[in-house]
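>>> Output the structure for:
(chains A and B)
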Protein chains: 2
Amino acid sequence: MEGREGKDIEKSEGGSMALPVAVAVAVAGEEEGEGRRVMERNGSGFFYEEEDKEMGMREPLLRRRTMNTTSQLAIVGAKVCPIESLDYEIVENDLYKQDWRSRKKVQIFQYIVLKWTLALLIGLGTGLVAFFNNLAVENIAGFKLLLTNNLMLKDRYHEAFLTYAGCNLVLAAAAAALCAYVAPAAAGSGIPEVKAYLNGVDAHSILALSTLFVKIFGSIGGVAAGFVVGKEGPMVHTGACIANLLGQGGSRKYHLTWTWLRYFKNDRDRRDLITCGAAAGVAAAFRAPVGGVLFALEEAASWWRSALLWRTFFTTAVVAVTLRAFIEYCRSGKCGLFGEGGLIMFDLSSTVTSYSTPDLLAVIVLGVIGGIFGSLYNFLVDKVLRIYSIINEKGAPFKILLTVTISLLTSCCSYGLPWLAKCTPCPLNLQDQCPTIGRSGNFKNFQCPPGHYNDLASLFLNTNDDAIRNLFSSGTDNEFYISTLFVFFAAIYFLGIVTYGIAVPSGLFIPVILAGASYGRLVGTLLGPICDLDKGLFALLGAASFLGGTMRMTVSVCVILLELTNDLLMLPLVMLVLLISKTVADSFNKGVYDQIVTMKGLPYMEAHAEPYMRNLVASDVVSGPLITFSAVEKVGNIVHALRLTGHNGFPVVDEPPFADAPELCGLVLRSHLLVLLKGKRFTQDRVLTGPAEVFRRFGAFDFAKAGSGKGVKLEDLDINEEEMEMYVDIHPITNRSPYTVVETMSLAKAAVLFRELGLRHLCVVPKTPGRPPIVGILTRHDFMPEHVLGLFPQFKHHK
Amino acid sequence: MEGREGKDIEKSEGGSMALPVAVAVAVAGEEEGEGRRVMERNGSGFFYEEEDKEMGMREPLLRRRTMNTTSQLAIVGAKVCPIESLDYEIVENDLYKQDWRSRKKVQIFQYIVLKWTLALLIGLGTGLVAFFNNLAVENIAGFKLLLTNNLMLKDRYHEAFLTYAGCNLVLAAAAAALCAYVAPAAAGSGIPEVKAYLNGVDAHSILALSTLFVKIFGSIGGVAAGFVVGKEGPMVHTGACIANLLGQGGSRKYHLTWTWLRYFKNDRDRRDLITCGAAAGVAAAFRAPVGGVLFALEEAASWWRSALLWRTFFTTAVVAVTLRAFIEYCRSGKCGLFGEGGLIMFDLSSTVTSYSTPDLLAVIVLGVIGGIFGSLYNFLVDKVLRIYSIINEKGAPFKILLTVTISLLTSCCSYGLPWLAKCTPCPLNLQDQCPTIGRSGNFKNFQCPPGHYNDLASLFLNTNDDAIRNLFSSGTDNEFYISTLFVFFAAIYFLGIVTYGIAVPSGLFIPVILAGASYGRLVGTLLGPICDLDKGLFALLGAASFLGGTMRMTVSVCVILLELTNDLLMLPLVMLVLLISKTVADSFNKGVYDQIVTMKGLPYMEAHAEPYMRNLVASDVVSGPLITFSAVEKVGNIVHALRLTGHNGFPVVDEPPFADAPELCGLVLRSHLLVLLKGKRFTQDRVLTGPAEVFRRFGAFDFAKAGSGKGVKLEDLDINEEEMEMYVDIHPITNRSPYTVVETMSLAKAAVLFRELGLRHLCVVPKTPGRPPIVGILTRHDFMPEHVLGLFPQFKHHK
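Below is the predicted model of the structure:
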């Protein structure tokens, strides 16, 4: 019963701070015995592991990751840069008031220059990575397919299969090994984690350099290995990693960059950078600059400012220009097997000019069924992920084994199923080559005699991008048989579900688009007699319906599809399908990314308060005694409190020597306390030293938020017994304007306040005078449904 | 010195409530003497008129309108529907707690159905109006041009001019008369007002039925009269009006609709509807559904939720489908002179496939100069508006006179300037007719002999849409002379500036696009030797640079242009131009809509706090004594307070009989007090009656926000002397969870809280115990730079 024991300790030490998970991680890194235990209790375990057992609530499955979740977002006031944020928070600090204006102009200039430079660099970096990724995938996969094709042409079918499956296996195992041993955080799509980060939840090492490395090479391996996975989700994650690293690192070598980068050492600017990175990722993956901006807005970001719109737009424009330059360069054949294709991935020549009522009805039916399939996809992905997580938790070898198994399954499907299809004579009057000899193309020869092609092989034995291109192609109404489309749809739908969750960076976009396109083309072919829309258009609409049904994005998917296909005339139809499929799917379950966020146990703050919160008040969820510091506190007390609790923020109370009655002075952050203690400006007596003393010792940016793992840690402090008995004035580093709510404030309204302002701590003050000046502190975890419903189970039925 | 006197009275009565303008209007409508005076003091005059004189601050010019600004947005908690919002606010009300769950399901169902129905209706309505508008303009203008053309062909040039100018004059006078006499609020673009409304400032009758009527017909008149105005801005305003009227009115006749519409009787839902309306307006005006959504997001809305993205998207999809259906219908020639054109207004065939470095340089230069011209445009529009407002304030006849003068000027330019151009022989090998006989087309004959055309006349003697189409047309590099483009650019730039501000609904998009397109084509022609991009593309980029330079929108303009022209390949170039021109223009002045909002004196809340606010605390800007009610208050006191002050919210304080010490109970709204007083449930003694009593008297929706001008007014109360001495329990209607800040809270952080949560009142509570439980109330006006800098002039230099 370690969990229970932990809870008790936590409760007695300061449960009302509600155990910010962030802190638990910080502690865990340092202390083996105590710290480790605290971590396992607090780091999401507090809510999920223990209470689950007691009350049968939802279970987090990917526990390894959930333990390290950190609330890194703390916008205690909108910070422009740390020096201003300090000034901002310590309003009465005269030293800073005077200083601020003279410094401001040059700072603002540096800040603006750096802001745009970083946006430019993010765009360039993401564009470069996307290009490299494409190049590698196309060349590796192309080489593999060419090899297989050559053996097929010589009728050496067994050798061909062994070559094909062997290549896949090696690539898959390499990707899985990278993922399992180097950076487990790189597995999966990465979009849920980025989304959670932008909501304020920093999962462990999700944006680290090792994650970036594995994400890039693992994604290349995974896609080249012929898995039904995309490179789009990983690209978003890659963009976010690049943004994070540019914003905080690689800077120590060059003094200039280092000095300037301090302006970005705060949560808001980091968040903005990562939003830009996510937008750049989508822009690079789909070559869709506007789609990238909208994706960041609609799916990724939790807080949005209009300035951000412009900055993400700039970043994606840079991505578009970079990619365009590279593609121009490759057009002349300098990039090996890669070299075709322009900025628009699946160029559809406009085939729709008008449509009739039966067409519209067909499209509506397509949307409804697509929505059902989409939500079923989410449901099944969830189930499969839960099973996989049990396997994956057993250790790295099991992860690799699982990946290899799925790889073999995929190879068997891809190579085996085309034997079911019959050979079709090549159509006459065709500009294209038939059968296709090279890497891609509509007409794969496979086992067929010359002059014939196997339509199922054209879909299976191709890269995913080429398969989509084949499905979207217009004017090819009779190219694929109904049976072919049915087999392909079933196989891809099934493979897509079982593939997500293996230890390989794997995007969800491509599997969904692929399944949706084959579904759409299937429906189009079935409805051929009553509806004369182009089959390529049907494939596009099918893809839209699946995307709407799984991801539940509307505007961004619409724009991404528009930019992918360059066909503006079908916009109303795509909008219609998206709306229908999203509506249908929403009535069954949540979007796939939200589902994964929930399953990983990341404490995601929804934009709206839950209805039952209206019947509660703020003090209902605040629990336990509270650790407060007095304005001039004994060093020993602070060190003790920092060591024993995992709290990230402590209320500071002015007491009678310094005030007439106890009153709330403000909130002090653990990280600032650590910096202050490291400075060792202690006094023998309990006196106010004033801000001047503190700021003589510390530079402007000493209190800035350090990069992950770079800040002062508790064991860095070297405080002897004598110093423990001395005093330190924590006034100057106290945030004197914390946001507060009265204890009788409706919990729903407190949640709205907390969420809208992106807070990390919200002070609850008493309503009636004559009581201690602070009742408790609300953190993110106090608003989580698990916590609230745990305290008030009577609301559970009405959830 | 009425103003000064007014200020004193206000101060003594309760200046700290900062005189919400809304109230002033409510009062003004009812009381002639006192009320009128209060209004002139408070209704924006409090800040602008009086303090301007004393401190020389910026002057509001369109005073007539500014007086009636109303803060209508008050999201005191996220309301789903009024009954829930009451429940939400009165957390301790047990009656409602029990009731709420059973009612909830059916209510939520009705709410959702109604929400989507309204979105559908807004889309249909706006689409219909847009179509009607197009139809009318094209037919009226076409008839006028045909008439002129026929006379020209017979060489009767004087008669042609008289006909042309006469038609313009009549149409202009009609539009101006409508505007001047029926609905002055319909003049101008309407986008600034909609933007201000969505920020929480309700200018007088800006969304009324009369405004809608005048906006539609005035816009038709203005555009058909050949003014250099667009129908796009008015269309946005029209969409917003339709949304507002659908959300609140026309419902009394049908009982069903009436019952259900009560859910929309709150600020948040009205705001959402109007956002949808604005999006629908842009979507209808440019036939750009995605552009409409982005416009609403980027320019119009101040608060954004992801649910809104979906709803606006649905609305614009409906608009697109509606318009498409109508256009299909008209394609067969059933709509008179209107009938050409598909859903894409200016179809550019893709002409760019690659571009070189000189091309990019040319584009950058184009962007820089475009940005300068754009900001100059804003500057001049501002100056001209200031002059016009002096004329317009003199009365309706002056407005009409001004309009007629500008109409004559426009006619002279349009008819006179083409005489300067020389005749060009028609190009050979042309599919188009040349010279064009009909209404539109590239080749106007004008005074030229047969087989020749006058290129300047092709631009001037056309509707604005056709002129843009001519400028955007590709593959026509030699069609327009440099001199022609220069004359046209200069004339349109000048006419556009002098036309905005006349008493006619006038959009800014089309003048800006027109000037920008001619500027772009001019630059393209000048740079012809070094740069071989198509001239039509140059026109498009020029339009983008002007739009970026005046409106300062990026993503939405980009997408709108994309949807207008259906050319995805030029997306990187358009993005580049927009970014450059916006950056350049931003260094000179604000966007044109922000500028108009400022000039109209609308108290627009910016998303960020001003830097000097960091040096102030909340109590610094709270002023004067405060009117508070005790929980059970004498009716006479309430009536007296309501009569004497214009405040919209009053703090309620629980005093010793009902609490141990005075404590803040909550905030009560004027409108709720009026409803309560009208109910007349008074008691002889000072006792708590409890909520049950109140809710036995009142229905669920009696406290819902009434439509503008429909709520209970002070003079509706009929309270006799005896009742004045009785007591009423205002507990049940008190919002018990008002958002509060401590008096020492940084003003900047209070402003962020106020803005982000969309508040109308923010209670300031004391920091130290033993004082009255509330220090004051902050309203929108307390955060206005004018007010703060008026109190603390020392910050002015650093603004």
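
>>> Just the C-alpha atoms of the host helix or strand of A:D272, please, in PDB.
Taking DSSP states H and E as the definition, one finds A:D272 inside helix A:267-286. The C-alpha coordinates for helix A:267-286 follow below in PDB (Å, rounded to 0.1, in the frame of the first residue of the first chain):
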ATOM      1  CA  ASP A 267       6.600  30.000 -20.300                       C
ATOM      2  CA  ARG A 268       4.700  32.200 -22.600                       C
ATOM      3  CA  ASP A 269       7.400  32.700 -25.200                       C
ATOM      4  CA  ARG A 270       8.300  29.000 -25.100                       C
ATOM      5  CA  ARG A 271       4.700  28.200 -25.700                       C
ATOM      6  CA  ASP A 272       4.500  30.600 -28.600                       C
ATOM      7  CA  LEU A 273       7.600  29.100 -30.100                       C
ATOM      8  CA  ILE A 274       6.200  25.600 -29.800                       C
ATOM      9  CA  THR A 275       2.900  26.600 -31.400                       C
ATOM     10  CA  CYS A 276       4.900  28.000 -34.300                       C
ATOM     11  CA  GLY A 277       6.800  24.700 -34.500                       C
ATOM     12  CA  ALA A 278       3.600  22.600 -34.600                       C
ATOM     13  CA  ALA A 279       2.300  24.800 -37.400                       C
ATOM     14  CA  ALA A 280       5.500  24.500 -39.200                       C
ATOM     15  CA  GLY A 281       5.400  20.700 -38.800                       C
ATOM     16  CA  VAL A 282       1.900  20.500 -40.500                       C
ATOM     17  CA  ALA A 283       3.000  23.000 -43.100                       C
ATOM     18  CA  ALA A 284       6.000  20.900 -43.900                       C
ATOM     19  CA  ALA A 285       4.300  17.600 -43.800                       C
ATOM     20  CA  PHE A 286       1.500  18.500 -46.100                       C
END
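
>>> Now do the same for the residue nearest to the spatial centre of chain A: its pLDDT.
The centre of chain A sits closest to A:V194, judged by CA atoms, centre = their mean, with a distance of 1.9 Å. Turning to A:V194, the model gives it a pLDDT of 93.

>>> Spatially nearest residue to it (excluding sequence neighbours)?
A:A240 (4.7 Å; CB to CB, 6 or more residues apart in numbering or on different chains). For glycine as for every other residue, the C-beta is placed from the backbone atoms N, C-alpha and C.

>>> what's next to stretch A:675-683, contact-wise?
Residues outside stretch A:675-683 that contact it (CB atoms under 8 Å, 6 or more residues apart in numbering or on different chains) are A:632, A:635, A:638-639, A:689, A:693-694, A:697-698, A:702-703, A:712, A:716-717, A:719, A:723, A:726-730, A:733.

>>> Contacts only, for the closest residue to A:S205 other than its chain neighbours.
Closest residue to A:S205 apart from its sequence neighbours, by CB to CB, 6+ apart: A:A185 at 5.2 Å. When contacts are counted by CB under 8 Å, 6+ apart, A:A185 is found next to A:R65, A:E193, A:A203, A:H204, A:S205, A:I206, A:A208, A:T211.

>>> can you rerun that using 6 Å?
Contacts for A:A185 (CB atoms under 6 Å, 6 or more residues apart in numbering or on different chains) come out as A:S205, A:I206, A:T211.

>>> what about A:D718, how many neighbours?
A:D718 has 9 neighbouring residues, counting by other CB atoms under 10 Å in any protein chain shown.

>>> Using the three-state scheme, assign it.
Recorded secondary structure, A:D718: coil (DSSP: H, G, I helix; E, B strand; the rest coil).

>>> Can you check the pLDDT for it?
Confidence score, pLDDT, at A:D718: 82.

>>> do the same with A:V365
93.

>>> Which helix or strand contains it?
Counting by DSSP H and E, A:V365 is found in helix A:357-392.

>>> quick revisit: any residue of the helix holding A:D272 touching chain B?
No: judged by CB under 6 Å from any CB of the partner chain, helix A:267-286 makes no contact with chain B; its nearest approach is 10.6 Å.

>>> Could you pull up the residues touching A:V635?
Applying CB under 6 Å, 6+ apart, the residues near A:V635 are A:F682, A:E723, A:M724, A:M726, A:V728.

>>> Quick check: residues of the stretch 551-700 of chain A near chain B?
So the stretch 551-700 of chain A meets chain B at A:T554, A:V555, A:V559, A:N566, A:L568, A:P572, A:M575, A:L579, A:R614, A:N615, A:E663 (CB under 6 Å from any CB).

>>> Surely the last one is in contact with A:V653?
If I follow you right, that is A:E663. No: under the criterion of CB atoms under 6 Å, A:E663 is not in contact with A:V653, lying 7.0 Å apart.

>>> anything in contact with each of those two?
A:P773.

>>> isn't the residue nearest to A:V194 right next to A:C276, touching?
No: at 9.0 Å, A:A240 does not count as touching A:C276 under the criterion of CB under 6 Å.

>>> returning to that earlier point: next step: the contacts of A:A185 restricted to helices.
In helices, defined here by DSSP state H, the members of the contacts of A:A185 are A:T211.

>>> Compare the contacts of A:A185 and tell me which is most surrounded.
That'd be A:T211 among the contacts of A:A185, by other CB under 10 Å, with 29 neighbours.

>>> do you know how far that one is from A:S219?
When CB to CB, to the nearest Å is the yardstick, A:T211 and A:S219 sit 12 Å from each other.

>>> on that earlier part again, check pLDDT for the contacts of A:A185 and point me to the minimum.
A:S205 (81).

>>> Can you report phi and psi for that one?
Main-chain dihedrals, A:S205, degrees, to the nearest 10: phi 50, psi 30.

>>> What of A:D660?
The phi/psi pair for A:D660 (degrees, to the nearest 10) is phi -70, psi -40.

>>> can you count the residues close to it?
10.

>>> Same question for the one 4 residues further on.
A:L664 has 23 neighbouring residues, counting by other CB under 10 Å.

>>> Report whether the expected contact of it with A:I774 is present.
Yes: the pair A:L664 and A:I774 passes the contact test of CB under 6 Å, sitting 5.1 Å apart.

>>> picking that back up, mind listing which of the contacts of A:V635 are in strands?
Of those, the ones assigned to strands by DSSP state E are A:V728.

>>> which pair in the contacts of A:V635 spans the largest distance?
A:M724 and A:V728 (11.0 Å; CB to CB).

>>> Compare those two (neighbour count), which wins?
Counted by other CB under 10 Å, A:M724 and A:V728 do not tie: A:V728 has more neighbours, with 25 against 15.

>>> what does chain A put close to chain B?
A:77-78, A:88, A:91, A:97, A:101, A:290, A:293, A:298, A:309-310, A:313-314, A:317, A:320-321, A:554-555, A:559, A:566, A:568, A:572, A:575, A:579, A:614-615, A:663, A:737, A:742, A:745-746, A:749, A:752, A:756-757, A:768-769, A:798.

>>> so where do the helices sit in the stretch 351-500 of chain A?
A:357-392, A:396-416, A:455-460, A:464-472, A:482-499 (DSSP state H, counting those that start in this stretch).

>>> Determine the set of other helices and strands touching the third one.
Right, helix A:455-460. Judged by 3 or more CB pairs under 6 Å, 6 or more residues apart in numbering or on different chains; DSSP states H and E, helix A:455-460 is in contact with helix A:482-499.

>>> same check, this time on the last one
In terms of contacts (3+ CB pairs under 6 Å, 6+ apart), helix A:482-499 is packed against helix A:357-392, helix A:396-416, helix A:455-460, helix A:509-526.

>>> and for the third one, what are the contacting residues?
Defining contact as CB under 6 Å, 6+ apart, one finds that helix A:455-460 is touched by A:S414, A:P418, A:A421, A:N442, A:K444, A:F446, A:A467, A:N470, A:F480, A:T484, A:F488.
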